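Novice: structure here, sequence nowhere to be found:
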């Protein structure tokens, strides 16, 4: 058995449709990927032993809506060699960032909730917070582009 790509998958504010598609892709490509991917952090696949240490590629789904999410994203970037924005919310912020376009009365109305739960004033795509190496747009993510990006990452890290 050769080198494996150490991957993490994390989800922030979104509907998690790309995560569902990723699980379906894992089902389809299980025998091809089982000797190529080492999941370091992936809460949808394992409840224990999740750790970002040694991550080659972090796949990040969702937009950044809270101070806690922003801090976690920065930590993920620090511990990962590459970061891939997964899905529309991670790439553009939308539709999760729809509150950014609220009129002033609506913004005032929700301010108490934003402050109480530690939300940022605006919802951000991940590229506003950290360097992003690849982007996989779509809601859910574009399967073809995801497979191309995963292939590039496997190649970049010398995984056969």
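Specialist: Perfect, I can see it now. Since the model is a prediction, treat every value here as computed from it, not as a measurement.

Novice: quick one: which helix or strand includes the closest residue to residue 143 other than its chain neighbours?
Specialist: Of all residues not flanking residue 143 in the chain, residue 21 sits nearest, at 6.5 Å (Cβ to Cβ, 6 or more residues apart in numbering). C-betas here are computed from N, CA, C, even on glycine. Using DSSP states H and E, residue 21 sits within helix 17-33.

Novice: OK, contacts around the closest residue to residue 52 other than its chain neighbours?
Specialist: Nearest non-adjacent residue to residue 52, counting by Cβ to Cβ, 6+ apart: residue 79, 4.2 Å away. Contact analysis of residue 79 by Cβ atoms under 8 Å, 6 or more residues apart in numbering lists 52-55, 58.

Novice: which of those residues count as buried?
Specialist: Those of the contacts of residue 79 that meet the buried threshold are 52, 55, 58, by 16 or more other Cβ atoms under 10 Å.

Novice: turn these into a markdown table, including secondary structure.
Specialist: Formatted as a markdown table, those follow (DSSP: H, G, I helix; E, B strand; the rest coil):
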| residue | secondary structure |
| --- | --- |
| 52 | coil |
| 55 | strand |
| 58 | strand |
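
Novice: would residue 64 count as being in a helix?
Specialist: No - assessed with three-state DSSP, residue 64 is strand; it does not lie in a helix.

Novice: what's the pLDDT at the residue with the largest distance to the centre of the chain?
Specialist: For the chain, the largest distance from the centre (Cα atoms, centre = their mean) belongs to residue 105, which lies 32.1 Å off. Predicted confidence (pLDDT) for residue 105: 97.

Novice: that one in helix, strand or coil?
Specialist: Assignment for residue 105 (three-state DSSP): helix.

Novice: when you give positions from now on, start the count at 12
Specialist: Got it, the first residue is 12 from now on, which makes the last one we talked about residue 116.

Novice: which residue is nearest the centroid of the chain?
Specialist: residue 71 (1.1 Å).

Novice: contacts only, for that residue.
Specialist: Contacts for residue 71 were tallied using Cβ under 8 Å, 6+ apart; they are 21-23, 84, 87, 94-97, 101, 137.

Novice: pipe the contacts of residue 90 into a markdown table and attach distance to residue 80 per row.
Specialist: What follows is the contacts of residue 90, written out as a markdown table (distance: Cβ to Cβ, whole Å):
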| residue | distance to residue 80 |
| --- | --- |
| 63 | 15 |
| 64 | 20 |
| 65 | 22 |
| 66 | 18 |
| 69 | 14 |
